[in-house]
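Asker: one predicted model, sequence on top.
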Number of protein chains: 4
Amino acid sequence: MIIVLRPDAKKEDIDHILDRADKLGLKPHISKGTERTIIGLIGPEDALRAIPLEAFHGVENVIPILAPYKLVSREFKKENSVIPIGEHLKIGAKKVVIFAGPCAIENEDLLVEIGEEVKFAGASVLRGGAYKPRTSPYAFQGMGLEGLKILSRVSKKLNMPTVTEVMDVRDVGTVAQYADILQIGARNMQNFTLLKEVGLTRKPILLKRGLANTVKELLMSAEYIMAEGNHNVILCERGIRTFEDATRNTFDVSAIPVVKQLSHLPIIADPSHAAGKWNLVAPLSCAAVAAGADGLIIEAHTKPEEALSDGAQSLLPEKLTTLIQNLEKIALAIHREI
Amino acid sequence: MIIVLRPDAKKEDIDHILDRADKLGLKPHISKGTERTIIGLIGPEDALRAIPLEAFHGVENVIPILAPYKLVSREFKKENSVIPIGEHLKIGAKKVVIFAGPCAIENEDLLVEIGEEVKFAGASVLRGGAYKPRTSPYAFQGMGLEGLKILSRVSKKLNMPTVTEVMDVRDVGTVAQYADILQIGARNMQNFTLLKEVGLTRKPILLKRGLANTVKELLMSAEYIMAEGNHNVILCERGIRTFEDATRNTFDVSAIPVVKQLSHLPIIADPSHAAGKWNLVAPLSCAAVAAGADGLIIEAHTKPEEALSDGAQSLLPEKLTTLIQNLEKIALAIHREI
Amino acid sequence: MIIVLRPDAKKEDIDHILDRADKLGLKPHISKGTERTIIGLIGPEDALRAIPLEAFHGVENVIPILAPYKLVSREFKKENSVIPIGEHLKIGAKKVVIFAGPCAIENEDLLVEIGEEVKFAGASVLRGGAYKPRTSPYAFQGMGLEGLKILSRVSKKLNMPTVTEVMDVRDVGTVAQYADILQIGARNMQNFTLLKEVGLTRKPILLKRGLANTVKELLMSAEYIMAEGNHNVILCERGIRTFEDATRNTFDVSAIPVVKQLSHLPIIADPSHAAGKWNLVAPLSCAAVAAGADGLIIEAHTKPEEALSDGAQSLLPEKLTTLIQNLEKIALAIHREI
Amino acid sequence: MIIVLRPDAKKEDIDHILDRADKLGLKPHISKGTERTIIGLIGPEDALRAIPLEAFHGVENVIPILAPYKLVSREFKKENSVIPIGEHLKIGAKKVVIFAGPCAIENEDLLVEIGEEVKFAGASVLRGGAYKPRTSPYAFQGMGLEGLKILSRVSKKLNMPTVTEVMDVRDVGTVAQYADILQIGARNMQNFTLLKEVGLTRKPILLKRGLANTVKELLMSAEYIMAEGNHNVILCERGIRTFEDATRNTFDVSAIPVVKQLSHLPIIADPSHAAGKWNLVAPLSCAAVAAGADGLIIEAHTKPEEALSDGAQSLLPEKLTTLIQNLEKIALAIHREI
């Protein structure tokens, strides 16, 4: 931790800071420049974070040196984490994994139909929402428990593991019973209560980046889950909020290599929600895989016109098939496979 | 709803859209321009919102005309809503109301000390967090139930109504029992589960704007609460995320008059969280009141250096006193009072 | 300057950095923590800025300590700068100054009409564009030299100093001849060529903040002008780009007190361009003055419907009159006047 | 153009709008819904854009239907534009073109050294700045004319076409004489004076997207150049400003397919400026090519530590060689080549 003092800081201000540092077991280094005096504090930075140093008299600025996350960090664990899904699938290994399916579970026949198509196209995980976070209270909110049961039956029938969102802490147990991967949606990325609750399970968690959250905050939210003992965290970049309105969100493709540098956790991309338009899904998918994503989660529907949610960004299965064929070549180019 | 067709849209595309519109009981108006054909659909726009028109063949763009919110809108209710707090206080009336207190409840003596000071300075509502949403799982998470009990006792002692945050749906009943106003924090603005739960109470709800949420989305989240029957909603502008890093967030002062135009609900401002620095709290408070805010929620602490949370943005009580004196004159200038 | 080393930095990396520092006449302070080694370099930070320290082997991060601006900084000059406009007017003194007028100069009679009205309402400076920066090449680009001549004649007739934008380095001399204050528009805030050119004049310069520029960058652009010897710089906050679309831009009211802390230069606000809608101009004007702005620049027009540019955000003179009356009371509340 | 009326709009408001529309030769379509009346105006939308319809009494909202750009649009020209550079090179054809070189021209020997290396690595165009837009007036501003002469001599020696930035309208002729492609930097994207000036030449123009500019505004700036008769415009995505601070800017990879849909102009990507860190350049380059970019402009330097500008984001030539080898495979995957 570096403390930059104001030019008018007095000796008693400095003594007061040094006194507090000493009580916390920190060793100070003082550097007096021509324009500013700087105090470097060496020792457990966590103890320092709890103290509002900016509120101390004479302090101009406080600069933390160490990252605030631990368990998620590349320094804590050098090798990539590989998250097993069921018996045969792994996220974060050489193979780039495709998650696909409808935005919302609408009925069993349709989910079977879509599931078969996306499996044939090359997808390994079936997505489908039973609880839907909708901006409007009047919009379709998902089928709830009934949807979970459908998802579970279709999963067995097609022999595909599944991912579905959980929004309510009271539903975590139930969702964990019916689905293979629990998704924390973008709007709940900093719902710390929910993060702790899924941290208590041992299920793989797909943690989506919030629309206005930094990569660092995404990692801190993963840290919440891991701090409860659940190390099966898969991150997901799904676009951030910016001034650009040609796309629904701005897909932050850089987040993929940045996460890879800072953390050992796998990261996948959601081009469907980032773009908001089906005809941008293919180029964004290619970009994500080329940048090193460990997987993609893509909305697909056999009848986008009739989808109860997000039809405009859903890919037809035949387009998904073509896309995955191109992705295979891109994966090879960067020494991965699909 | 306006549907703009692509220049290459065919007659069968148009017929297909008209057919769906007819089944939903909507009347179409077709305008053929030299470069685009446009279909206007008149009737219940809600039915249309459920259909992914962008996914239809030949459609270039879909433009909604009506706002998606109802109960919160100025059209639904022309007069300002006034939310009663206890027996004597009203939010949204002529008087601008000051909420003040520490970020977190730390112990009873300190809360009494701070409470007395802020009451003397002119604050009417005591703030203090028992459950704290912290970016880091290793940071102080609040005193929980014990904090609520302290808050309740101090409230009675000082005869001041209180506001405190609720983060977990399972805590709503308990928080409602101990506090006068339930706060939904910025990170939970789109935690729809929590919105519905507080909508089932009849307590006043202080709904903070999310860091990356538009005013429209803030109103939609208020709609969630009102749709459950709780019309006692107070909105709060607390800064949004932008590229500017001289302040913690960018205080969107325009949101105050924009909300006043679109909605009948009261809106207060939180200059402490917007700025992140105590020495910006006074000018932002003045700006908020001048722009028409119905109240301010300000972090104050008698010993900012020792605050367990957000000390750097906490005002000393004597500064709060001076600030409120200036605010009184500003309020008078725009025909309000404090 | 603080250099944070990577955990795997080697002794030779450190020696190499120390060697370069030594050659630049800098004194190093090395602090070895348990997780990171940090090098503090004391001496002329400018010399260091020219070196890409991040490109050095073993370096994780480089943290500058001193602000990159000098002449504009509050440290360089403690007292507020007061910029004289003509013989009687001062920007940055106790009096808050109102600039008003049409977006574009359209014809002489109209400018006289509008000028008389805004002067009567209480404005001291007449604004009007002769060169208009328009997003579209097909939109009205302003009257050019003829507009400047009209502005100059109306200025004399009404005895009001004027402000007008200059966009082309080749026009600086001409604009300086006809107008009292030269405006650098938001889109040209980092047109460094133009900044240098107006820096060579001794005219007051109104420097608008760019739509995506930080306060620090605004100050750096002012530094460009001052570095050429022209110290008559007036800053202007006019809204930044964010995701919020209820207003044309997000008016960053915090920028006003932030600039006052960092710099001695005066700062005014442009609520018309920030909001983009005339009915938000009054509350934003009140907010700006309450936050400490030294002036306001407001678009006003007697026939907004017929304005050739920005009619939708232009205030009718009678509304300007009422606004200025309210602003007088707000100014008094914070010990200013209008 | 669609005009949405306020619920309280009166018959005389509507008549007044219809009257103005009639005078402009526009045909109105009126749709009366239960909650809003809407007027569609058919005819030359440009005439309408010049009128501030939002300022008309009774108007709630004005929605343009047609894009404001013409010459740049995919509707105006269906086939991709291919811009010839010298005799042998084409931008926008099947081959993805690599531009590489130092940020700034520093001296002739070094430029030859870097040029030979990047040419050997597979680059076709040599980049190097003679005029540098620097945030600080005290930073190295480029070698100016002398730099241009060096660039021109190295270009001949290595038989590589060149790109360099022009910042001052007065330098356009000179730069056009020494370089093959004229670059308009991000900070000058809306320097309309400069756009018109380069529009008067017939040189290929590399137009970089501004840090806070939408894709639509980028296209409008290209329209400025084309409206002057110069159709040789190459667009460039180089990152936008957002709240994320892990990268210098957020590389908006979606802009590439969005531009391809809206316009016939080629678009290249600048991963170096987007990321600001050399170790992100490779993944972002892969992403850009996978998303359909027509080229890349990459900063490369043989001695990044000694670069006078942007050393931290400069790639060593050997890394560029490896990168281009990977890019070749990615290009093949999407039916392109390098």
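Answerer: Done, it's in. Because the structure is predicted, anything quoted here is derived from the model rather than measured. Numbering: from 1, shown residues only, chains lettered A, B, ... in the order given.

Asker: what are the boundaries of the strands in chain A?
Answerer: Using DSSP state E, the strands found in chain A span residues A:2-5, A:27-32, A:37-42, A:59-63, A:83-85, A:89-91, A:97-101, A:125-127, A:162-165, A:181-184, A:205-208, A:233-237, A:267-269, A:295-299.

Asker: what does the second one contact?
Answerer: Same thing as strand A:27-32. A:14, A:17-18, A:21-22, A:37-43, C:29, C:31, C:40, C:42 (CB atoms under 8 Å, 6 or more residues apart in numbering or on different chains). Any C-beta I mention is one placed from the backbone N, CA and C, and that applies to glycine too.

Asker: for it, list the C-alpha coordinates in PDB.
Answerer: Coordinates of each C-alpha in strand A:27-32 appear next as PDB, following Å, rounded to 0.1, in the frame of the first residue of the first chain:
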ATOM      1  CA  LYS A  27       6.600  -1.600   8.300                       C
ATOM      2  CA  PRO A  28       6.700   1.900   6.800                       C
ATOM      3  CA  HIS A  29       9.100   3.200   4.100                       C
ATOM      4  CA  ILE A  30       9.100   7.000   3.800                       C
ATOM      5  CA  SER A  31      10.300   8.700   0.600                       C
ATOM      6  CA  LYS A  32      10.500  12.500   0.600                       C
END
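
Asker: go through that strand and flag the buried ones.
Answerer: Judged by neighbour count (16 or more other CB atoms under 10 Å in any protein chain shown), strand A:27-32 contains these buried residues: A:Pro28, A:His29, A:Ser31.

Asker: off-centre distance for it?
Answerer: 39 Å (CA atoms, centre = their mean, to the nearest Å).

Asker: what's the separation between A:Ala246 and chain B?
Answerer: 12 Å (CB to the nearest CB, to the nearest Å).

Asker: so what's that residue up against?
Answerer: Contacts of A:Ala246 by CB under 8 Å, 6+ apart are D:Thr214, D:Val215, D:Lys216, D:Ser254, D:Ala255, D:Val258, D:Leu262.

Asker: just give me the least confident of the contacts of strand A:27-32.
Answerer: Least confident of those in the model: A:Gly43, at 77.

Asker: unless I'm mixing things up, that one is touching A:Lys23, no?
Answerer: No. In this structure, A:Gly43 is not within contact of A:Lys23 by CB atoms under 8 Å, at 11.4 Å.

Asker: more neighbours, the two?
Answerer: A:Gly43 (16 against 9; other CB atoms under 10 Å in any protein chain shown).

Asker: wait, what's in contact with A:Gln261?
Answerer: Contacts of A:Gln261 by CB under 8 Å, 6+ apart are A:Arg74, D:Asn279.

Asker: how far away is it from chain C?
Answerer: A:Gln261 is 11 Å from chain C, by CB to the nearest CB.

Asker: pLDDT score assigned to the closest residue in space to A:Lys149 that isn't next to it in sequence?
Answerer: Excluding the flanking residues, the one nearest A:Lys149 by CB to CB, 6 or more residues apart in numbering or on different chains is A:Tyr178, at 6.6 Å. pLDDT recorded at A:Tyr178 is 98.

Asker: what's the neighbour count on A:Tyr178?
Answerer: 18.

Asker: where is the longest helix in chain A?
Answerer: helix A:317-333 (DSSP state H).

Asker: name the helices or strands packed onto that helix?
Answerer: If contacts are counted by 3 or more CB pairs under 8 Å, 6 or more residues apart in numbering or on different chains; DSSP states H and E, helix A:317-333 sits against strand A:97-101, helix A:108-121, helix A:278-290, strand A:295-299, helix D:317-333.

Asker: flag the shaky bits of chain A, pLDDT-wise.
Answerer: Within chain A, no stretch falls below the threshold (pLDDT under 70).

Asker: hmm, back to that, and D:Asp245, which of the helices and strands packed on helix A:317-333 is closest to it?
Answerer: With CB to CB as the criterion, D:Asp245 lies closest to helix A:278-290 of those, at 21.5 Å.

Asker: relative to helix D:278-290, how tilted is that closest one?
Answerer: On the basis of axes from the mean of the first three to the mean of the last three CA atoms, to 10 degrees, helix A:278-290 is oriented at 140 degrees to helix D:278-290.

Asker: helix A:278-290 near chain D at all?
Answerer: Yes. Using CB under 8 Å from any CB of the partner chain, helix A:278-290 comes into contact with chain D via A:Asn279, A:Leu280, A:Pro283, A:Leu284, A:Cys286, A:Ala287, A:Ala288, A:Val289, A:Ala290.

Asker: distance from the chain centre to that helix, please.
Answerer: With CA atoms, centre = their mean, you get 18 Å for helix A:278-290.

Asker: again, but for stretch A:208-228
Answerer: With CA atoms, centre = their mean, you get 7 Å for stretch A:208-228.

Asker: can I get the CA coordinates of that stretch in CSV?
Answerer: What follows is stretch A:208-228, C-alpha atoms only, in CSV (Å, rounded to 0.1, in the frame of the first residue of the first chain):
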residue,chain,number,x,y,z
LYS,A,208,-21.7,-14.0,-15.8
ARG,A,209,-20.0,-10.6,-15.8
GLY,A,210,-22.3,-7.7,-14.8
LEU,A,211,-23.1,-5.1,-17.4
ALA,A,212,-21.1,-2.5,-15.6
ASN,A,213,-18.6,-4.5,-13.8
THR,A,214,-14.8,-4.6,-14.3
VAL,A,215,-12.9,-7.8,-14.8
LYS,A,216,-11.5,-7.2,-11.3
GLU,A,217,-15.0,-7.2,-9.8
LEU,A,218,-15.9,-10.3,-11.8
LEU,A,219,-12.9,-12.0,-10.1
MET,A,220,-13.9,-10.7,-6.7
SER,A,221,-17.4,-12.2,-7.2
ALA,A,222,-15.7,-15.5,-8.1
GLU,A,223,-13.7,-15.1,-5.0
TYR,A,224,-17.0,-15.0,-3.0
ILE,A,225,-17.9,-18.4,-4.3
MET,A,226,-14.5,-19.9,-3.8
ALA,A,227,-14.2,-18.5,-0.3
GLU,A,228,-17.2,-20.7,0.6
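
Asker: pick out the residue of the stretch 51-200 of chain A closest to chain B.
Answerer: A:Pro52 (2.8 Å; CB to the nearest CB).

Asker: okay then, goodbye and thanks.
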